[in-house]
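K.L.:
The following comprises the amino acid sequence and a computationally predicted model.
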Amino acid sequence: MADRKKIVKENIAGNFFVDTTCIDCDTCRQLAPASFKDAGDYSYVFSQPITNEDRRDATRALLACPTGSIGCDENNIAKEVIEDFPLLIEDNVYYCGFNSPKSYGGNAYFIEDPDGNWLIDSPKFNSHLVKEFEKRGGLKYIFLTHEDDVAESDRFAQHFDAKRIIHKAAQQACRDAEIILEDHSSEISLPADFEIIQTPGHTRGHIVLLYKNKYLFTGDHLAYNRHSERLTAFREHCWYSWEVQAESMQNLANYDFEWILPGHGGKTKLEPGTCREQVAELAREMASA
């Protein structure tokens, strides 16, 4: 729970505030950009929410914050807003919320699919989310993009008897995973709407998931920069090989998708064809950097 005594100095006066336990993960700025900004090492409230919509967005950020660093002194509507999660993105695809500090606040997603539901990366093992997943038929697969974002996937797997999917090179983070992928092989019979794409670079065993040729769950391989309004990759957070990641990015330009749904960084939907163009351009920039 956020502590008013630890408030960061940049906060504007009002009910909502951020304290010094913030890890600058960007969760609140993604969910409520009208209220939160980046101070460099942490987020802060630069504008108190006034409209009902902004207040709801700020409360979603409060609930999703991995470190409980956001507080609200009065008129807290968290008990109402918690019912928004998992938060619908489009069709049958949802953002889970309740980001985990174990994955540095990485986003996790839920697909409600008639052939079995999927969890992509892991949020906190939260009782509200568990109940919501149960209502929708549980979980069949837990897709783990890489070792950084496994969080509490083991608890979800045990509770729902779900199969965890991870690349062999990332297996040290999830040693008892049920499905281990090798290089250049899926090793799994997938429903028609799902495709696993290997994207080494950020880490050796990084993988992404393409759903319905529309939704790309990108882990830490690819994200949307809200400031430049372009797709981006994070060289300063590349733990394996930038050159290999550039090659993986070029390969990704062969696929069609519209939604970019990352673990870290901004989500966005682009016009059909635009994603391929921007990914190809980004790959060229990465290769020449």
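P.N.:
Noted; the coordinates are in hand.
K.L.:
Next up, the contacts around the most centrally placed residue in the chain.
P.N.:
With distances taken as CA atoms, centre = their mean, the residue of the chain nearest its centroid is Asn107 (2.1 Å). By CB atoms under 8 Å, 6 or more residues apart in numbering, the residues touching Asn107 are Thr27, Gln30, Tyr95, Cys96, Asn99, Asp121, Leu261, Pro262, Gly263, His264, Lys267. Glycine gets a C-beta too; all of them are placed from N, C-alpha and C.
K.L.:
rerun that using 10 Å as the cut-off
P.N.:
Applying CB atoms under 10 Å, 6 or more residues apart in numbering to Asn107 gives the contacts 25-27, 30, 64, 95-97, 99-100, 120-121, 123, 149, 217, 219, 223, 261-267.
K.L.:
Also Gln278?
P.N.:
Gln278 neighbours (CB under 10 Å, 6+ apart): Leu222, Tyr224, Arg230, Leu231, Thr232, Ala253, Ile260, Leu270.
K.L.:
Give me the number of neighbouring residues for the second one.
P.N.:
Read that as Tyr224. 22 (other CB atoms under 10 Å).
K.L.:
helix or strand for it, which one?
P.N.:
Tyr224 is part of strand 223-225, with elements assigned from DSSP states H and E.
K.L.:
which is the next helix or strand following that strand?
P.N.:
Next along from strand 223-225, by DSSP H and E: strand 230-232.
K.L.:
what's the strand holding Tyr224 packed up against?
P.N.:
Strand 223-225 sits against strand 230-232, strand 259-262, strand 268-269, with contacts defined as 3 or more CB pairs under 10 Å, 6 or more residues apart in numbering; DSSP states H and E.
K.L.:
Walk me through the domains of the protein.
P.N.:
What automatic domain parsing lists as the domains of the chain is 4-81, 85-288.
K.L.:
avg pLDDT for the longest one?
P.N.:
Average pLDDT, domain 85-288: 95.
K.L.:
Can you measure across that domain, start residue to end residue?
P.N.:
41 Å (CA to CA, to the nearest Å).
K.L.:
As a check, name the ranges of all strands in the stretch 151-289 of the chain.
P.N.:
163-167, 179-181, 194-198, 207-211, 215-219, 223-225, 230-232, 259-262, 268-269 (DSSP state E, counting those that start in this stretch).
K.L.:
I'd like those laid out as JSON lines, including distance to Glu80.
P.N.:
Output for the strands of the stretch 151-289 of the chain, formatted as JSON lines (distance: least, CB to CB, whole Å):
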{"stretch": "strand 163-167", "distance to Glu80": "33"}
{"stretch": "strand 179-181", "distance to Glu80": "38"}
{"stretch": "strand 194-198", "distance to Glu80": "34"}
{"stretch": "strand 207-211", "distance to Glu80": "30"}
{"stretch": "strand 215-219", "distance to Glu80": "28"}
{"stretch": "strand 223-225", "distance to Glu80": "29"}
{"stretch": "strand 230-232", "distance to Glu80": "35"}
{"stretch": "strand 259-262", "distance to Glu80": "26"}
{"stretch": "strand 268-269", "distance to Glu80": "27"}
